[in-house]
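S.K.: A predicted structure for the sequence below; I have some questions about it.
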Protein chains: 2
Amino acid sequence: MSDYPGLIETLAIESDTKIVFFILDGVGGLQIGDGTETELQTAKIPNLDRLARRSSCGLLVPVAPGVTTGSGPGHFALFGYDPVENNVGRGVLESAGIGFELTPKDVAVRGNFATVDAEGNIVDRRAGRISTEENERVCKRLREKIKIENVEVFIETVKEHRLLVVFRGKGLRGDIADTDPQFTGVPPLAARGLSPEAEGTAKIVNDFVRQVGTILADEKQANMVTLRGFAKHKPYASMKERFNLRSLCLANYPMYRGVSFLVGMDLYPVVKSVDEQLDGLEREYDNYDFFFVHAKTPDKTGEDGNFDAKVAAIEELDQVIPRILALKPDVLVVTGDHSTPSALQSHSWHTVPVLLASEHSRLDLAEGFDEVECLKGAIGQIPAKHLMALALAHAGKLKKFGA
Amino acid sequence: MSDYPGLIETLAIESDTKIVFFILDGVGGLQIGDGTETELQTAKIPNLDRLARRSSCGLLVPVAPGVTTGSGPGHFALFGYDPVENNVGRGVLESAGIGFELTPKDVAVRGNFATVDAEGNIVDRRAGRISTEENERVCKRLREKIKIENVEVFIETVKEHRLLVVFRGKGLRGDIADTDPQFTGVPPLAARGLSPEAEGTAKIVNDFVRQVGTILADEKQANMVTLRGFAKHKPYASMKERFNLRSLCLANYPMYRGVSFLVGMDLYPVVKSVDEQLDGLEREYDNYDFFFVHAKTPDKTGEDGNFDAKVAAIEELDQVIPRILALKPDVLVVTGDHSTPSALQSHSWHTVPVLLASEHSRLDLAEGFDEVECLKGAIGQIPAKHLMALALAHAGKLKKFGA
């Protein structure tokens, strides 16, 4: 598939049509031996199957053949942003996810509270998964005491044992190696610059970690932090600027809200269920052109290695399809950001089924929505980053190229 | 399909899994009219068909749509090297194939002994296909007499009428046009620089050819050389450096050994049959991560235009599949470097069937291993250079990209 960076932007026009992306995180799966079926093949999904028969179907390659993507690049690609060029550290995603607006002077990093023993060795990488309230209490203690010359430090609770640390100052660098050793029984790693220019920033980070150890010495659980995914602020062209889309994110997890925030989507409040997300979709339907509705359960159950739970999660999501269709979106896309086969208990490199339902969809041979039926689809197998252009086209939002 | 040069290298991790590439050279074919079948469709290949049903299948585009590839680029692509960027002159492949280690000062070129008449016109472009022993005798004569100021000349027997010439000296260039006119009844062409900077090297080559004519004037058959595929030495990042793979080449022809040598594979000795190659595979199985087993017969019979012989060659190779499977490789790939339809009696641009068998292969609708069944496969149609990433992924040798 040829890439023409910047081409779609020159073709994007305004129109009052509506596009809904219903993203079933990790929906793609795997058979687990001869004569078996994937989670999607097993699930009873009459609504999605019916929709597939009047859609163009296909399979998305999240990043490139063989590449297992994280959720960040996976979602950038779905939104039409090159997933490699726009790859960012976890720190930036986390800040975006909690709505912390980074400035060009900022380096952000994702932190975990951890428990270390008297020798400084990690005994629990998640500090016993302390509550969010505990996290807030400890963050407050740190905020009151941490002091680094010429650098402003922001310490923000994310959720449970997770926090966000932002260093703001002149000349700070993001190319710093993680301090999380990923094992217990060893101390956190010293921060280390990945370039000579980053050594100064690494020193500041090490000073920070040293102060944390002192300040939290009397804590039973959260007496240390590990840091990973250092990342410098980087500005993004918004979906409005690129595609003329007023966009709304209806996602409940910080990661997905983070990517959405970075590409300029408005964020609907965090709610507790897909039904409440659809309440939001209905409520805000007149105010936006593009809606990103994110469902986490297929990924979660896949990562748990629970085939049956993943099947059940998919069946449950199938039930909300009629509610989306009742809004009569001009384009409805159902797909995932990557596959999470329960057989692998993790994200995988496998392609992801996609359906694009619109009045202008070319119909094909796919008779249902799964990894095998979609092989017969009109979309074929394409890089995920090209999906947005297809959605825009089907919604009448792209003018002709050339005379 | 998107290209991200260098991305796979950042994701490659070590693991003790095994990958076997069984390359059936020129395996893809062509129907020869309505209602007919390709060589692969005609062949009785129960083992490959059974394997296809529990594999991901697809078709490889060797270089780009419409491009007929030579064996060199065809194999570079299979090994995960961009076939256009890494295209090298025949000279470099030949030197690698006979284990001649080039230095940065070297320009290598493939030579043919030829017969010229009293007027200097070529009457036999292959000098009556002299024996390898005759070739060695004539090379020795040349070696003793050739003398060029400030340039060291190496003259090496390859096989029958084929030789390798290496010029070693300061500032030599590889951009020199072939001297082989490709016809009889005319004299060899004068060497000619393809850039002004290459004129000096062209003069040296012409001096060499003149001396050859004088020294071999009394030979009945090999009294001249033609030269083609001038190429400057270029270093390659090895498969170990790029993918963390300790790799072994089990191929018997210089060309394939040459490409393997250039990408840093160890070379198993030349043997006389596929069975002996598999002896080597079994013997060395614990010592490497990646094995390239090359079978030449489908290409040879295809180039002969012998449909039935190609069918028989493929059927014979099908018989060794159980022996490879008995080793339980984590990934077994069966494909070719290009198609060689017997109807065309040459390499062609057509795509090449591929199967990838592994515990983590997504199963698809392909019910056998041929050009048509593989259209229903989960791999789809992808550039051959992406195959290595898929193999690495299925073997658990790639970590996740991004957060």
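M.R.: Good, I have the coordinates. Numbering: from 1, shown residues only, chains lettered A, B, ... in the order given.
S.K.: Next, please give the residue ranges for the strands of chain A.
M.R.: Assigned by DSSP state E, the strands in chain A fall at A:19-24, A:56-61, A:106-116, A:122-124, A:152-159, A:162-168, A:224-232, A:247-250, A:266-267, A:290-295, A:331-335, A:352-358, A:380-383.
S.K.: Going by contacts, tell me the helices and strands next to the second one.
M.R.: What it means is strand A:56-61. strand A:352-358, strand A:380-383 (3 or more CB pairs under 8 Å, 6 or more residues apart in numbering or on different chains; DSSP states H and E). In this view, the C-beta of every residue, glycine as well, is placed from N, C-alpha and C.
S.K.: Close to chain B: what parts of the stretch 301-403 of chain A are there?
M.R.: Neighbours of chain B within the stretch 301-403 of chain A, by CB under 8 Å from any CB of the partner chain: A:341, A:343-344, A:346-351, A:371-372, A:375-376, A:380-381, A:383, A:385.
S.K.: Separate out the buried members of those residues.
M.R.: The neighbour count (16 or more other CB atoms under 10 Å in any protein chain shown) marks A:341, A:343-344, A:346-351, A:371-372, A:375, A:380-381, A:383, A:385 as buried among these.
S.K.: Point me to the residue of chain A nearest chain B.
M.R.: Going by CB to the nearest CB, chain B is nearest to A:G66 of chain A, at 3.1 Å.
S.K.: what about the nearest residue to that residue once chain neighbours are set aside, neighbour count?
M.R.: Nearest residue to A:G66 in three dimensions, chain neighbours excluded: B:A389, at 3.1 Å (CB to CB, 6 or more residues apart in numbering or on different chains). For B:A389, the number of neighbouring residues by other CB atoms under 10 Å in any protein chain shown comes to 24.
S.K.: Against B:V212, how distant is B:A389?
M.R.: B:A389 is 46 Å from B:V212, where distance means CB to CB, to the nearest Å.
S.K.: now A:G380
M.R.: The gap separating A:G380 from B:V212 is 55 Å, by CB to CB.
S.K.: Next: A:L245.
M.R.: A:L245 is 70 Å from B:V212, where distance means CB to CB.
S.K.: Tell me the residues of the stretch 1-150 of chain A that contact chain B?
M.R.: Applying CB under 8 Å from any CB, one finds that the stretch 1-150 of chain A approaches chain B through A:1, A:3, A:30-31, A:34, A:38, A:59, A:61, A:63-74, A:82-84, A:87-90, A:93, A:110.
S.K.: Once you drop chain neighbours, what's closest to A:L48?
M.R.: A:F369 (4.1 Å).
S.K.: Could you give the number of residues near that neighbour?
M.R.: When neighbours are counted by other CB under 10 Å, A:F369 registers 31.
S.K.: Give me the pLDDT value at it.
M.R.: As predicted, A:F369 sits at a pLDDT of 98.
S.K.: didn't it look like it was pressed against A:L355?
M.R.: Yes - with contact defined as CB atoms under 8 Å, A:F369 counts as touching A:L355 (5.7 Å).
S.K.: residues in contact with the residue lying closest to A:D370 once chain neighbours are set aside?
M.R.: Leaving aside its sequence neighbours, A:D370 sits nearest to A:L40 (CB to CB, 6+ apart; 4.0 Å). A:L40 makes contact with A:V27, A:G28, A:G29, A:I314, A:P353, A:F369, A:D370, A:E371, according to CB atoms under 8 Å, 6 or more residues apart in numbering or on different chains.
S.K.: again with A:G171
M.R.: A:G200.
S.K.: For it, give its distance to A:M239.
M.R.: 32 Å.
S.K.: these two touch, right, A:V153 and A:E144?
M.R.: No - if you go by CB under 8 Å, A:V153 and A:E144 don't touch, sitting 11.6 Å apart.
S.K.: So between these two, which is more surrounded?
M.R.: Counted by other CB under 10 Å, A:V153 and A:E144 do not tie: A:V153 has more neighbours, with 17 against 10.
S.K.: give the contact list for A:I324.
M.R.: Contacts of A:I324 by CB under 8 Å, 6+ apart are A:V20, A:F22, A:L278, A:L281, A:V293, A:L332.
S.K.: Quick check: pLDDT value at A:G396.
M.R.: Listed pLDDT for A:G396 reads 97.
S.K.: sorry, back to before: need the overlap of contacts for A:F369 and A:L355.
M.R.: Both A:F369 and A:L355 are in contact with A:L48, A:L51, A:A52, A:C57, A:V334, where contact means CB under 8 Å, 6+ apart.
S.K.: Test my guess that A:E197 contacts A:L172.
M.R.: No - A:E197 lies out of contact with A:L172 (CB under 8 Å); the separation is 10.4 Å.
S.K.: Quick check on the two: which one has the bigger neighbour count.
M.R.: Each of A:E197 and A:L172 has its neighbours counted (other CB under 10 Å); A:L172 has more, 21 against 11.
S.K.: How about the contacts made by that one?
M.R.: Listed by CB under 8 Å, 6+ apart, the contact set of A:L172 reads A:K105, A:D106, A:V107, A:V151, A:T201, A:I204, A:K232.
S.K.: Can you tell me which of the residues you listed has the most neighbours?
M.R.: Among these, the one with the most neighbours (other CB under 10 Å) is A:V107, at 27 neighbours.
S.K.: Report the beta-bridge partner residues of that one.
M.R.: Note on A:V107: beta-bridge partners by DSSP bridges are A:F167, A:K232.
S.K.: how about it, what does it touch?
M.R.: Shown in contact with A:V107 (CB under 8 Å, 6+ apart): A:G91, A:V166, A:F167, A:L172, A:R173, A:G174, A:I176, A:T201, A:F230, A:A231, A:K232, A:H233.
S.K.: Likewise for A:R129?
M.R.: Counting by CB under 8 Å, 6+ apart, A:R129 has contacts A:E160, A:H161.
S.K.: now A:A127
M.R.: By CB under 8 Å, 6+ apart, A:A127 lies in contact with A:N112, A:F113, A:A114, A:T115, A:H161, A:Q221, A:A222, A:N223, A:M224.
S.K.: 6 Å instead, please
M.R.: Neighbouring residues of A:A127 by CB atoms under 6 Å, 6 or more residues apart in numbering or on different chains: A:F113, A:A114, A:T115, A:H161, A:Q221, A:A222.
S.K.: next one: A:G80
M.R.: A:M388.
S.K.: Which strands and helices lie in contact with the least confident helix or strand in chain A by mean pLDDT?
M.R.: The weakest-scoring helix or strand in chain A, judged by mean pLDDT, DSSP states H and E, is helix A:90-97 (a mean of 83). For helix A:90-97, the elements it packs on are strand A:106-116, strand A:224-232, helix A:254-262, judged by 3 or more CB pairs under 6 Å, 6 or more residues apart in numbering or on different chains; DSSP states H and E.
S.K.: between the first one and strand A:152-159, how many degrees?
M.R.: An angle of 60 degrees separates the directions of strand A:106-116 and strand A:152-159 when computed by axes from the mean of the first three to the mean of the last three CA atoms, to 10 degrees.
S.K.: Out of the contacts of A:A127, who's the most crowded?
M.R.: Highest neighbour count within those, by other CB under 10 Å: A:F113, with 29 neighbours.
S.K.: ok, that one touching A:N223?
M.R.: No - contact between A:F113 and A:N223 fails when scored by CB atoms under 6 Å: they sit 8.3 Å apart.
S.K.: got any residues that touch both of these two?
M.R.: With CB under 6 Å, 6+ apart as the test, A:F113 and A:N223 reach no residue in common.
S.K.: Pull the number of nearby residues for A:S15.
M.R.: Neighbours of A:S15 (other CB under 10 Å): 14.
S.K.: Isn't A:V334 up against A:L355?
M.R.: Yes - if you go by CB under 6 Å, A:V334 and A:L355 touch, sitting 5.1 Å apart.
S.K.: For A:L194, which non-adjacent residue is spatially closest?
M.R.: A:D175 (4.1 Å).
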